[in-house]
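1. 3D, please:
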Amino acid sequence: MTTGRDTGQPGVAGGPARHIPVLGPLAIELLNVRSGGVYVDGTFGAGGHARAILATAGAQVIGLDRDRNAVAGGYDLVDASDGRLTLVEERFSHLDAVARDLGHPLVDGVLLDLGVSSMQLDEPARGFSFRRDGPLDMRMGTDGPSAADVVARASPRDLAAIIATLGEERHARAVARAIVAARAAAPIRTTAALADIVARVVRGPRDIHPATRTFQALRIFVNDELAELAAALAAAERVLAPGGRLVVIAFHSLEDRIVKAFLAARGRPPRGSRHQPEAAPVVPSFRLLLRRPATPGADEIAVNPRARSAKLRAGERTDAPPLAAAAPLPRLPTLEAVMGGRP
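-> I've put the predicted structure just below:
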């Protein structure tokens, strides 16, 4: 989730793509696109994956993105698709409901390319990156508190928990203390201001900016990205037809763990225990398509360094009913609790 996604597939419908999706050809291959099939691109972004799916004559795409700018940027592709692409501004956790509302209670594939897109990272006004100064926003949509709101209101304990867990930052407590001290003197409203505060207390490799993990953590928290992912995986399980494919590309270790646990729990029956009564067998709801996650090769990383942390996992839906168990999530304060105004 930390790095840019949706970065080429040269143009299919609608002209050349603005970005080349990481692991794009493999993702489309595993999706097993066929004429007449219906596929959900849950992270439309710049439309690179959607274009590749539409290259198969007769394939239909339902594209979702919570970013209004991404949806607006895809209208040319909608016009060029001859009615085969429908774009919806919505969180991908609702992908099954969107497909159902569009007349597709079952679909043939779901593709999730997680994280923040290169377009979002490269737009200073969105506040995702510290490389160019902008407002400390980080919201993928238009609603809810911004990163500036969280930085202004969260308690030192909550800030440290968020930064340590979601950013995997070893100096989280020091960063939290520095933020609290700085905001007491003046509001922290810009990406440059926050990056400067973090850089004073974090030392690390020269090729990684000291604020990288803190920015990552705040973005994931503001957008509730891990809970959204868990809900999207469950929605995909509900909406995929038998034989339908789920393909997920993750850029963050926490995301990948959620995807791995989800597919593992549904890709093999649980082991019995001699200490417990024998339970009724659970039929796997997915068949794993890869024994290990696929990762980019050296050539792809050389062209797009943001691809270096990508991992792709995939599964094929069986005819078993969906499982009720949810993917495990790290324990953290809720956004509502953090915004409750604690000093």
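
2. Using the three-state scheme, assign the nearest residue to residue 182 once chain neighbours are set aside.
-> Counting by CB to CB, 6 or more residues apart in numbering, residue 197 is the residue found nearest to residue 182 once chain neighbours are left out, at 4.9 Å. C-betas here are computed from N, CA, C, even on glycine. What DSSP: H, G, I helix; E, B strand; the rest coil gives for residue 197 is helix.

3. quick one: low-confidence ranges for the stretch 1-150 of the chain?
-> 1-19, 117-128 (pLDDT under 70).

4. what about the strands in it?
-> 38-41, 60-65, 85-89, 107-113 (DSSP state E, counting those that start in this stretch).

5. can you check the stretch 201-343 of the chain too?
-> Counting by DSSP E, counting those that start in this stretch, the strands of the stretch 201-343 of the chain are 240-250, 286-288, 311-317.

6. Can you add mean pLDDT and mean neighbour count and give those strands back as a markdown table?
-> Shown next, in a markdown table, are the strands of the stretch 201-343 of the chain (pLDDT from 0 to 100; neighbours: other CB atoms under 10 Å):
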| stretch | mean pLDDT | mean neighbour count |
| --- | --- | --- |
| strand 240-250 | 98 | 23 |
| strand 286-288 | 97 | 19 |
| strand 311-317 | 98 | 24 |
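
7. do you know which of these lies nearest residue 99?
-> When the strands of the stretch 201-343 of the chain are compared by CB to CB, strand 240-250 sits nearest residue 99, at 9.9 Å.

8. so what does the closest one touch, helix or strand wise?
-> helix 24-31, strand 107-113, helix 225-239, helix 253-267, strand 311-317 (3 or more CB pairs under 8 Å, 6 or more residues apart in numbering; DSSP states H and E).

9. ok, residue 188 - how many residues close by?
-> 18 (other CB atoms under 10 Å).

10. I figured it hits residue 182, correct?
-> Yes. The pair residue 188 / residue 182 is scored as a contact, 6.1 Å apart, by CB atoms under 8 Å.

11. Alpha carbons of stretch 303-314, in CSV - could you do that?
-> Backbone C-alpha positions of stretch 303-314 (Å, rounded to 0.1, in the frame of the first residue of the first chain) are rendered in CSV as follows:
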residue,chain,number,x,y,z
VAL,A,303,11.7,0.9,-15.0
ASN,A,304,9.4,1.6,-12.0
PRO,A,305,11.2,1.6,-8.6
ARG,A,306,7.8,1.9,-6.8
ALA,A,307,7.2,-1.7,-7.9
ARG,A,308,9.9,-3.2,-5.7
SER,A,309,7.5,-4.1,-2.8
ALA,A,310,4.7,-5.5,-4.8
LYS,A,311,3.3,-9.0,-4.2
LEU,A,312,0.6,-10.7,-6.2
ARG,A,313,-1.7,-13.4,-4.9
ALA,A,314,-4.6,-15.1,-6.7
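
12. re earlier: from the strands of the stretch 1-150 of the chain, which stretch is densest packed?
-> Ranked by average neighbour count under the criterion mean count of other CB atoms under 10 Å, those are headed by strand 38-41 at a mean of 29.

13. In the stretch 151-300 of the chain, where is pLDDT below threshold?
-> 205-207, 269-281.

14. do you know which of the strands of the stretch 1-150 of the chain lies nearest residue 157?
-> With CB to CB, the closest approach to residue 157 among the strands of the stretch 1-150 of the chain belongs to strand 107-113: 32.3 Å.

15. which one is residue 320 nearest to, not counting chain neighbours?
-> That would be residue 283: by CB to CB, 6+ apart, it lies 3.9 Å from residue 320.

16. how many other residues sit next to that neighbour?
-> Counted with other CB under 10 Å, residue 283 comes out at 12.

17. how close does it sit to residue 318?
-> 7 Å (CB to CB, to the nearest Å).

18. same deal with residue 246?
-> Computed with CB to CB, the distance linking residue 246 and residue 318 is 12 Å.

19. Give me every residue in contact with stretch 287-301, excluding its own residues.
-> 22-23, 26, 30, 245, 256, 260, 263, 267-268, 304, 307-308, 310-316, 318 (CB atoms under 8 Å, 6 or more residues apart in numbering).

20. let's see 6 Å
-> With contacts defined as CB atoms under 6 Å, 6 or more residues apart in numbering, stretch 287-301 is touched by 23, 26, 30, 267, 307-308, 310-316.

21. just to revisit the earlier point, could you dump the strands of the stretch 1-150 of the chain to TSV with distance to residue 77?
-> Shown next, in TSV, are those (distance: least, CB to CB, whole Å):
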stretch	distance to residue 77
strand 38-41	11
strand 60-65	8
strand 85-89	6
strand 107-113	15
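
22. My guess is residue 27 contacts residue 247. True?
-> Yes. Between residue 27 and residue 247 there is a contact under CB atoms under 6 Å: 5.0 Å.

23. Centre-most residue in this protein?
-> Most central residue of the chain, judged by C-alpha distance to the mean C-alpha position with CA atoms, centre = their mean, is residue 114 at 2.6 Å.

24. tell me the phi and psi of it?
-> phi -80, psi 170 (degrees, to the nearest 10).

25. That one contacts residue 253, correct?
-> No. In this structure, residue 114 is not within contact of residue 253 by CB under 6 Å, at 11.9 Å.

26. picking that back up, looking at the strands of the stretch 201-343 of the chain, which is nearest to residue 168?
-> So among the strands of the stretch 201-343 of the chain, strand 240-250 is nearest, using CB to CB, at 14.3 Å.
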